[in-house]
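J.: quick one: sequence plus predicted model below, questions after.
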Amino acid sequence: MKYDFSRKKKRDAVLDLLLIAVVLGICGFLEANKYNYSYAISIIERSMIYAVVAVSMNLVNGFTGLFSLGQAGFMALGAYVTAILTIPVSQRPSVYYISGINPLIANLSAPITLALILGGLVAAACAALIGIPVLRLKSDYLAIATLGFAEIIRALIAAPMMDTITNGSYGLKSIPGFSSIFQVLILTVVSIGLMVLLINSSYGRMFKAVREDEIAAEAMGINLFHTKELSFVISSFFAGISGGMLAMFMRSIDSKTFQVSLTYDILLIVVIGGIGSVTGSVLGAFVVTAGRELLRFFDEPLTVAGVSIPLFRPGFRMVIFSILLMVVVLFYSRGLMGTNEFSWDGIFGFFRRKRKAVKAEGR
Amino acid sequence: MSLTTFLQQCLTGISLGGAYALIAIGYTMVYGILRLINFAHGDIFMMAGYFMIFAMASMPWFIAVPFVLLVTTVLGVGIERVAYKPLRSAPRMSVMISAIGVSYLLQNLATYLFTALPMAYPEIPGLKKIFKIGGLSASFVTFFTPVLTIVLVYLLITLIHHTKMGMAMRAVSKDYETAALMGIDINRTISFTFAIGSLLAAIGSILYFTDRMTVFPFSGSLPGLKCFVAAVFGGIGSIPGAVVGGFVLGMGETALVAAGYSTFSDAFTFVVLIIILLVRPTGLFGEKTTNKV
């Protein structure tokens, strides 16, 4: 028995290394042929950015059981801070050509990593303030209040009084992009890694206790408010970082980028991946982002044997996509992973079960 | 500001508030019975706008209006049957996600069918006629909206307090399982609630869009959220509360626009929400609930 166990461990380590090598290999290949695969690279980068924010949303919604819909607002904060700090000083006059730039930020700049962290910290600080009143609320009220805060943040960004800082409704452009796909990969892995460490720590167990039963958790000596606030603030920090990454990915942002629909997109990823599963969220981010691109052929007119099918026209893709979402919600409410995490045992178990089922059918 | 301008703005605010109140009632009734924020309610309202455009293109208005009301009601009940009924015993978060999914689907469907460009809303003869009283001038719909709202609310309250169906609705909202044991058909009661909510949303949509003149696929999402806030403000589950909340939000928003802060008119709603949740979490007319272990 013992022998078997250690062999399994060895096998898992080998497979882990193999997986890492494959991922690095794919990224290296894409990086080497940047110009031929720019479309694939952009899908993968977007997926990774969404994976970070999906995991951060899962931290609050899936692991702490707080239904928060404020992700887009915190992403907006992170994105704007990152953008303001990283737009090259020489380009700023052309960005703020309408109302001029506030002298306070005119010469303020920071390297990318620092800018991203600052963006995350601003989002986290804002979340800490918002959390004090909002986290006392119960499920649906919390959802609508966080949604409201995200809208308030967006309204403030677009407000005419903020023109010299956020450039109002014109948005910010000439944000420096990523130097290579590896930069995105490293940022994603580090962010998600930190969140996984948190979830597996004693804090993570506190989050889960609160999720399962607030009253029981409180009776066990867990400070409800502190636990919720901690989870909310950390989640917002990473939402801010992913917002900054999104700004760098898109190169230009405005307040319309961060509408409620962005939060819904992230929620969709979390639901499809499985609420309460980190690997599920990562998988969900890739499936949803790539799926949305792959379904693009639904938007193009289709002609079969000389007859053009009238269903296929712009917008059809999103209809199919939303129907798929409804099917997942109604019939596969566990999503791809449920609350399980990815493991090699799980993969092998899945295939073994399938083979058995096939055999059983053969008889 | 002169008195005339002030009264003029008040009138606009009351009219907007009336439309909000009608939509807010839909939220408050569904929440009262299912404990669910029906995120799709705002989109049902938007779809009613589109139905009206197509109905008016092919029929006279006195047939088009009842037709639109009927189709919207069927849509609302259909959504409940397909998207919420299978999740009766599921955790609340799943039902809410399902509601968000329906809202997403309706918006995408509208974008696909009617394109994302705003479409002109047809005019019902007489509704846009301008009336002048003293220095005030406003279209008929501005005067008509608050009156109609009050009449409909009166009818609704009578329905809830003096009919068998109303009694069933009250029972289901108090205690779901006990009501079922007493022989109340839960599913029929819930469908009926959705029917009334959607019907009022359709009426609200006619009044609201006649003033706005265009409909686009996302024109339901923000009014939807605002009306939910109105329902929370008045105390969720309470119909007079929803009406008061609708009027307060409508007036407040109009006041902000009149004062020149139109960028904040949307954010205002959420500020109201947060204040009310802090000061009086159960809303103006809400009942106090206690947590039992």
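T.: Cool, got the structure.

J.: so B:F285 sits in a strand?
T.: No. The assignment for B:F285 is coil, going by DSSP: H, G, I helix; E, B strand; the rest coil, so no strand is present there.

J.: for A:S242, see how far away it is.
T.: According to CB to CB, to the nearest Å, B:F285 stands 41 Å off from A:S242. Yep, even glycine has a C-beta here, placed from its N, CA and C like the rest.

J.: tell me the residues on the stretch 1-150 of chain B that lie near chain A, please.
T.: B:31, B:35-37, B:83, B:86-87, B:90, B:92-94, B:96-98, B:100-102, B:104-105, B:108-109, B:111-113, B:115-116 (CB under 8 Å from any CB of the partner chain).

J.: got the CA positions of stretch B:247-260 in PDB?
T.: The C-alpha trace of stretch B:247-260 is given here as PDB (Å, rounded to 0.1, in the frame of the first residue of the first chain):
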ATOM      1  CA  PHE B 247     -41.600  58.300  -6.700                       C
ATOM      2  CA  VAL B 248     -38.600  59.300  -4.500                       C
ATOM      3  CA  LEU B 249     -36.100  57.900  -7.000                       C
ATOM      4  CA  GLY B 250     -37.800  59.500  -9.900                       C
ATOM      5  CA  MET B 251     -38.000  62.900  -8.200                       C
ATOM      6  CA  GLY B 252     -34.400  62.700  -6.900                       C
ATOM      7  CA  GLU B 253     -33.000  61.800 -10.300                       C
ATOM      8  CA  THR B 254     -34.900  64.600 -12.000                       C
ATOM      9  CA  ALA B 255     -33.700  67.100  -9.400                       C
ATOM     10  CA  LEU B 256     -30.100  66.100 -10.000                       C
ATOM     11  CA  VAL B 257     -30.500  66.400 -13.700                       C
ATOM     12  CA  ALA B 258     -32.100  69.800 -13.300                       C
ATOM     13  CA  ALA B 259     -29.300  70.900 -11.000                       C
ATOM     14  CA  GLY B 260     -26.800  70.000 -13.700                       C
END
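
J.: for B:F285 and A:S242, indicate the residue with more neighbours.
T.: Under the criterion of other CB atoms under 10 Å in any protein chain shown, the comparison of B:F285 against A:S242 puts A:S242 first, with 34 against 17.

J.: helix/strand/coil for B:A138?
T.: The assignment at B:A138 comes out as strand when based on three-state DSSP.

J.: by contact count, what packs against the biggest helix by length in chain B?
T.: Using DSSP state H, we find that the single longest helix of chain B is helix B:3-34. With contacts taken as 3 or more CB pairs under 8 Å, 6 or more residues apart in numbering or on different chains; DSSP states H and E, helix B:3-34 sits against helix B:41-58, strand B:136-139, helix B:140-162, helix B:164-174, helix B:186-212, helix B:221-234, helix B:239-258.

J.: residues of it that come out buried?
T.: B:8-9, B:11-34 (16 or more other CB atoms under 10 Å in any protein chain shown).

J.: which ones are touching whatever residue of the stretch 251-363 of chain A ends up closest to chain B?
T.: Residue nearest to chain B within the stretch 251-363 of chain A: A:G315 (3.4 Å; CB to the nearest CB). A:G315 makes contacts with A:299, B:108, B:111-113, B:115-116, as judged by CB atoms under 8 Å, 6 or more residues apart in numbering or on different chains.

J.: and the pLDDT at the residue in the stretch 151-293 of chain B positioned nearest to chain A?
T.: Sorted by distance to chain A under CB to the nearest CB, the residues of the stretch 151-293 of chain B start with B:F270, at 3.1 Å. What the model reports as pLDDT for B:F270 is 81.

J.: now the one 3 residues further on
T.: At B:L273 the predicted local confidence, pLDDT, stands at 84.

J.: surely it meets B:G234?
T.: No. Contact between B:L273 and B:G234 fails when scored by CB atoms under 8 Å: they sit 11.9 Å apart.

J.: of these two, which one has the most company?
T.: Between B:L273 and B:G234, B:G234 has the larger neighbour count (other CB under 10 Å), namely 29 against 25.

J.: residues in contact with that one?
T.: Going by CB under 8 Å, 6+ apart, B:G234 touches B:24, B:28, B:240-246, B:283-286.

J.: low-confidence stretches in chain A?
T.: Within chain A, the ranges that satisfy pLDDT under 70 run A:1-5, A:302-310, A:354, A:357-363.

J.: outline the domain layout of it.
T.: Domain ranges of chain A: A:1-32, A:33-300+A:312-362, per automatic domain parsing.

J.: could you report the neighbour count for B:K129?
T.: B:K129 has 10 neighbouring residues, counting by other CB under 10 Å.

J.: swap in B:P91?
T.: The burial count for B:P91: 13, using other CB under 10 Å.

J.: for B:T158, same thing?
T.: Counted with other CB under 10 Å, the neighbours of B:T158 add up to 11.

J.: just A:G193 next, same as before
T.: Counted by other CB under 10 Å, the residues lying close to A:G193 total 10.

J.: tell me the secondary structure of it, please.
T.: A:G193 is classified as helix under three-state DSSP.

J.: figure out how far stretch B:186-195 is from the centre of its chain.
T.: Distance, stretch centre to chain centre, for stretch B:186-195: 17 Å (CA atoms, centre = their mean, to the nearest Å).

J.: got the buried residues for that stretch?
T.: For stretch B:186-195, a neighbour-count test (16+ other CB under 10 Å) marks B:186, B:189-195 as buried.

J.: by pLDDT, rank those and give me the bottom one.
T.: B:I186 (89).

J.: looking at it, that residue is touching B:Y176, isn't it?
T.: Yes. Counting by CB under 8 Å, B:I186 touches B:Y176, with 6.9 Å between them.

J.: so what's B:M213 closest to, chain neighbours aside?
T.: Leaving aside its chain neighbours, B:M213 sits nearest to B:Y121 (5.2 Å; criterion: CB to CB, 6 or more residues apart in numbering or on different chains).

J.: equivalent analysis for B:V153, please.
T.: What sits nearest to B:V153 in space, not counting adjacent residues and going by CB to CB, 6+ apart, is B:V243, at 5.4 Å.
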